[in-house]
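**Student:** Sequence below, structure please.
(chains A and B)
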Amino acid sequence: MIKLLNRCIDGDRVSQKEFYLLTADRLMNICRRYTSNLSDAKDMLQNTYIQIFKNLKKFDPNKGHLDAWLAKIAINEALQLLRKRKTQLIKEAHSAEQFELSATPSILEKLQADDVLQLLHEIPEIYRVVFNLNIVEGFSHQEIAELLDIPIGTSRSHLSRAKKALRTKIEQQRKIKSC
Amino acid sequence: MLDDHLEDYFKENLENVHTSWDKEAFWDDLEPMLPTKKKRRPIIWFWTGGIAAVLLLTGLAFCLLNTKETTSSNLEIAKNQAVDNPKDVLNVTPITDNKTASKQNKNTNQKTISTTTKNTNDEIKSTVSQNNRIPKINLIPDNPSLLNAENKLIKNYTIADEETIEETPITEVQETPTLENIPIKKVSTPALLATEISPLLTNEEPLNKIISISKPKKSNISILPLFGVGSVNRTLNSTNTDNELLDLRNNQETTLAAFNFGVHVRKDWNNGLFLQSGIELSTIHERLNYTQTDIEAVTIQSDTASFYQSFAGATLYRKGEIEAQSVTNTHYERHNQFQSLNIPILVGYQRHMGRFNIGLAIGPVINIHRKFRGFAYNDTKQVVAAAQIELDQQLQLNSIDALANIDYSLYKNIHVTAGVRYQYGLNSPVTNTTITQQYKVGSAFVGLRFSL
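**Tutor:** The predicted model follows:
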């Protein structure tokens, strides 16, 4: 893997493609968590790879695992794209209190991984982002606060609301399923 | 199960999501956008570019200065030719070749005298030492090709006023003019000097102009290290209405401190116009004091009882669980720094008033690098959070800059300069994710101006 990385740093396109094919699924998976739109996810992934190949020489294996480094770049690019698109993260939080449960027929069949993703996409974006960063990626509230430029308390309350929303949704699905 | 292990459930499932997409087609789109090896990091490019620009300007200044001094020196020498006898020979002009000499003789009825010296130098400087007020007299070869094999210098001169010289055959070799055999005309007062020497000058220039040759020349290129302190009037804009920091800033922060230092290079023209540019680092400091309210939801599980719990104005019924909130208030102090590296390009006009110069200038400021640094401190002044953002390296018009300055000639080519400056921000020094800011900076600056 080190040799492959060195060839990528040297600008060898074949090696870069090999590296891309090895890592693309995982990084696309990360991007998909942050947006329900596949086109946006591809934009995020594209920016991610540009940053990866631009900064690959800075990667130090002694400081951390490659997967974590790649994930960090993907998350950063995902957040940047959301900002550029002027996604109203905060504004959505207002309506989150009143959002109505909507049972989606497709997720009634079985709660597979893809359905869970769809479920996640049904909650307001700011809740989804905080949930992803904290629960899935393992960022602390302090780190999330810095990333999103929000107070730590806001991050905590968003997470709490995200969990509540997801729990309610799953409960709702169960009820519908049991009927 | 889902309620109890919601986090694990989502984490496991979300990591196993499979997305169908065409990886090959995506790579085809991505490949042209990937950086090549030769491509250097933009920050390096801009830093290097900025430094190179300053060095280039400085180098250009030196080149221009040296060229001008050399040309000026040659002209002065040409106007002050050596003569056998200052009383007799009034106009001595070097000629370049025989054709020119013949032509000049025909037109002006002048004669050419060839003289030979054994001097090995291209230039003989002869100074009349007994009276310092007499201008220097220089002998120079009019044509280097006339230097013969024995390293003897042959000089050709034309003499304008033939009535004042003795008739000498052109081909005859005259006595070599040396310091010893140049007669010295003694003058005792400046007035006498003017009356005695001025008529000897071929171009009849005023004496004071000739004497001023020995004074140091003023350069039209100067270097200015500057330092400025000012205040920033900032306006915040945001599409979001629920940003606590935005509210905090609107309520508490409208004026911030700004510091600025840099090095400028300035080119002055005789008509008073000048062009000034350079590189400078501006830092805007922002301090926020605020109390942060952390609200954490707490869920208490119970399998055996039902509860009526009232909070937040509503009564909730929960079987098996209680939801409550934990509220914590913490006081923080936040120190943000917005740094920008800029190149101002100013055009101005300066008026001389004795040893003072008063100038006005205006022009755009180009931003080449921006950075945000933020620190949060708790009540015990410990850093509890820090952030640094290097923003995209893009050349952009940052602001319109206007300045008024006055400088005082301190010593020869050194001036002390001070003034006021106003920058109307066109682009935010840092673009926040949710907040943009426009700013107007009023500042005072001091510096030195070194004329080259």
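**Student:** In space, what's closest to residue A:140 - neighbours in sequence excluded?
**Tutor:** residue A:134 (7.7 Å; C-beta to C-beta, 6 or more residues apart in numbering or on different chains). The way it works is simple: take the backbone N, C-alpha and C, and place the C-beta from them, glycine included.
**Student:** wait, isn't the one you found in contact with residue A:159?
**Tutor:** Yes. Residue A:134 is in contact with residue A:159 according to C-beta atoms under 8 Å; the separation is 5.3 Å.
**Student:** if I look at those two, which residues touch both of them?
**Tutor:** Common neighbours of residue A:134 and residue A:159 (criterion: C-beta atoms under 8 Å, 6 or more residues apart in numbering or on different chains): residue A:141.
**Student:** Pull out the buried positions in stretch B:412-427.
**Tutor:** B:415, B:417, B:419, B:421-423, B:425, B:427 (16 or more other C-beta atoms under 10 Å in any protein chain shown).
**Student:** pretty sure residue A:161 contacts residue A:127?
**Tutor:** Yes. Contact between residue A:161 and residue A:127 holds when scored by C-beta under 8 Å: they sit 5.7 Å apart.
**Student:** Neighbour count for those two, which is higher?
**Tutor:** residue A:127 (25 against 20; other C-beta atoms under 10 Å in any protein chain shown).
**Student:** backbone phi and psi for the residue nearest to the more buried one when sequence neighbours are not counted, please?
**Tutor:** Among residues not flanking residue A:127 along the chain, residue A:162 sits closest, at 3.6 Å (C-beta to C-beta, 6+ apart). Backbone torsions of residue A:162, given as degrees, to the nearest 10, read phi -60, psi -40.
**Student:** from memory residue A:162 sits against residue A:132, does it?
**Tutor:** No. Using C-beta under 8 Å, residue A:162 is not in contact with residue A:132; the gap is 9.1 Å.
**Student:** okay, residue 165: pLDDT?
**Tutor:** Unless you meant another one, I'm taking chain A. At residue A:165, the model reports a pLDDT of 86.
**Student:** Hmm, no, I was thinking of chain B.
**Tutor:** Reading off the model, residue B:165 has pLDDT 43.
**Student:** do residue B:104 as well
**Tutor:** 43.
**Student:** do the same with residue B:451
**Tutor:** At residue B:451, pLDDT is 83.
**Student:** count of neighbours near it?
**Tutor:** 20.
**Student:** Tell me which helix or strand in chain A has the weakest average pLDDT.
**Tutor:** Least confident helix or strand, chain A: helix A:106-109 with a mean of 38, by mean pLDDT, DSSP states H and E.
**Student:** Following it in sequence, what is the next regular element?
**Tutor:** Downstream of helix A:106-109, the first helix or strand assigned by DSSP states H and E is helix A:113-121.
**Student:** Make sure residue B:283 is indeed in a strand.
**Tutor:** Yes. Checked against DSSP: H, G, I helix; E, B strand; the rest coil, residue B:283 lies within a strand.
**Student:** residue contacts, it?
**Tutor:** Contacts of residue B:283 by C-beta under 8 Å, 6+ apart are B:258-260, B:337-339.
**Student:** about what we covered before: what sits against the residue nearest to residue A:127?
**Tutor:** A:123, A:127-128, A:130-131 are the contacts of residue A:162 under C-beta under 8 Å, 6+ apart.
**Student:** Neighbour-wise, give me the winner out of these.
**Tutor:** residue A:130 (29 neighbours).
**Student:** and it, how far is that from residue A:158?
**Tutor:** From residue A:130 over to residue A:158 the distance is 4 Å, taken as C-beta to C-beta, to the nearest Å.
**Student:** ok, now residue B:452?
**Tutor:** From residue B:452 to residue A:158 the distance is 61 Å (C-beta to C-beta).
**Student:** Ok, residue B:11 next?
**Tutor:** From residue B:11 to residue A:158 the distance is 17 Å (C-beta to C-beta).
**Student:** which one of the two has more residues nearby?
**Tutor:** Between residue B:11 and residue A:158, residue A:158 has the larger neighbour count (other C-beta under 10 Å), namely 27 against 17.
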